[in-house]
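Q: Give me a model of this one.
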Amino acid sequence: MNFLEQIIEEDIKNGIHKEIHTRFPPEPNGFLHIGHVKAIWVSFSIADKYGGKTNLRFDDTNPTTEETVYVDNIKKDIKMANKRKVHTSRFKSKVALAALRERETLSELAQKYELNPNQISQWKQKVVREMDVIFDQKRGRKSQQDLVKTDQLYEQIGRLQMELAWLKKKSGL
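A: Numbers count the residues shown, from 1 in each chain. As a prediction, the model looks like this:
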């Protein structure tokens with residue numbers, strides 16, 4: 001929990017506030033840059049976590065001097081930033097296999113599945129990188145650590161069998 005969440009939790013617990021209302025106040029005199037990302041994330045994620053709201057309030061003392069292209073782009077960027085998709089492993093596998101088949105380009109797959117080509121490329125690389133693990137597990141191959149442990153167990157069994165044989169011999173069994 002970060003310091004903002006600690007303050008919010010304390011205020012809610014003490015009855016100071018009953019609901020959370022944040023705001024994101026960009027100045028509409030240019031396009032958003034990487035510095036805005038943190039402010040967008042903090043404002044919207046905290047409101048979302050506590051079931052609150054976030055106001056988009058453009059900070060400007062003279063709105064007649066600003067161009068609407070900046071306002072429109074800021075709205076579009078915020079809408080896009082809040083649309084993070086979560087994909088199932090089945091979906092990722094399907095897309096990665098389609099990329100491996102190479103019947104369509106990454107750009108075509110990206111358009112078809114509404115993804116970024118870089119994301120598809122990452123999933124494809126992961127499949128290729130981890131493919132040997134899949135086949136090793138099917139064949140029942142053991143890791144180096146498992147092999148060492150198995151050797152140690154067989155060694156211990158051998159010692160115990162020798163001790164048992166010696167005890168039987170000494171006791172006359």
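Q: any chance you could map the helices in this structure?
A: Ranges of helices within the chain are 3-13, 34-49, 68-81, 89-101, 106-113, 117-139, 144-171, based on DSSP state H.
Q: Now render those helices as TSV, adding distance to residue 26.
A: Backbone N, C-alpha and C define where each C-beta goes, glycine included. Below are the helices of the chain laid out as TSV (distance: least, CB to CB, whole Å):
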stretch	distance to residue 26
helix 3-13	19
helix 34-49	6
helix 68-81	5
helix 89-101	34
helix 106-113	29
helix 117-139	27
helix 144-171	53
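Q: how is the protein carved up into domains?
A: Under the assignment automatic domain parsing, the domains of the chain span 3-81, 86-141, 143-173.
Q: can you give me how far the second one is from the chain middle?
A: Its chain's C-alpha centre and that of domain 86-141 lie 16 Å apart, by CA atoms, centre = their mean, to the nearest Å.
Q: For residue 99, which residues are in contact?
A: Neighbouring residues of residue 99 by CB atoms under 8 Å, 6 or more residues apart in numbering: 106, 109, 120, 121, 123, 124.
Q: count of residues packed around the residue lying closest to it once chain neighbours are set aside?
A: In space, and not counting its chain neighbours, residue 99 is closest to residue 124: 4.2 Å by CB to CB, 6 or more residues apart in numbering. When neighbours are counted by other CB atoms under 10 Å, residue 124 registers 20.
Q: Thanks a lot, see you next time.
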